[in-house]
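Enquirer: 3D model of this:
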Amino acid sequence: MKKHKDLIALLRHNQQRITPARRFLLQFFIDNPAKRLSLPEIQAHLQDKLPGINRSSIYRNLEMLKQLSVIQELGVPGQGKRYQFVFEQQVHHFIICKACGKVVKGNRNLFEKVEKALKEIHDFQKANLSVTFYGFCSKCQAVEAG
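Expert: Numbering: from 1, shown residues only. Sure, this is the predicted structure:
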């Protein structure tokens, strides 16, 4: 539960209250670190733990976690918004196909080049590398060309 304690400490450091909803939400993301969770999945989980929790409370908590870089919101074509746990990950960028909605997690090499360019061009370093790229995967490119 070290991550859970770390996240609680992060919330306290940012003057956020530690509510039961936030505890359950944090644990849900910790338990599903590689999943891209939809709002209905998150809401169902929290409803199970805290009957009567309203959707606006869930949205507010998700927004707060996004602001603290605990989670990242992804707009996946054909699937809507998804949320993924990114706390303490060095790089959290995704490449999403606009046609089929395939999501690929980016690699560190690309962002080492971006970090170097930021330093050389703008004298900017230690950037929070959280980006979503939208384009077309090779399969969808082949369908379009054929």
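Enquirer: burial of the closest residue to Phe87 other than its chain neighbours, as a residue count?
Expert: In this structure, Phe87 finds its nearest non-sequential neighbour in Val70, 4.7 Å apart by CB to CB, 6 or more residues apart in numbering. In short, each C-beta sits where N, CA and C put it, glycine included. Using other CB atoms under 10 Å, Val70 has 21 other residues around it.
Enquirer: give the contact list for Val70.
Expert: By CB atoms under 8 Å, 6 or more residues apart in numbering, the contact list for Val70 reads 7, 10, 26, 29, 85-87.
Enquirer: In JSON lines, list those along with pLDDT.
Expert: Below are those laid out as JSON lines (pLDDT from 0 to 100):
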{"residue": "Leu7", "pLDDT": "90"}
{"residue": "Leu10", "pLDDT": "90"}
{"residue": "Leu26", "pLDDT": "94"}
{"residue": "Phe29", "pLDDT": "94"}
{"residue": "Phe85", "pLDDT": "90"}
{"residue": "Val86", "pLDDT": "86"}
{"residue": "Phe87", "pLDDT": "83"}
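Enquirer: related to what we said a few turns ago, and the gap between the residue nearest to Phe87 and Leu39?
Expert: For Val70, the distance to Leu39 (CB to CB, to the nearest Å) stands at 16 Å.
Enquirer: hang on, the earlier thing: of the contacts of Val70, closest to Ala145?
Expert: Nearest to Ala145 among the contacts of Val70: Val86, at 34.1 Å, using CB to CB.
Enquirer: For that closest one, what are phi and psi?
Expert: For Val86, the backbone dihedrals (degrees, to the nearest 10) come out as phi -130, psi 10.
Enquirer: Can you give me the pLDDT of the residue nearest the centre of the chain?
Expert: In the chain, the C-alpha nearest the mean C-alpha coordinate belongs to Gln72, at 2.0 Å (CA atoms, centre = their mean). You'll see Gln72 listed with a pLDDT of 87.
Enquirer: just the one 5 residues further on next, same as before
Expert: With respect to pLDDT, Pro77 scores 83.
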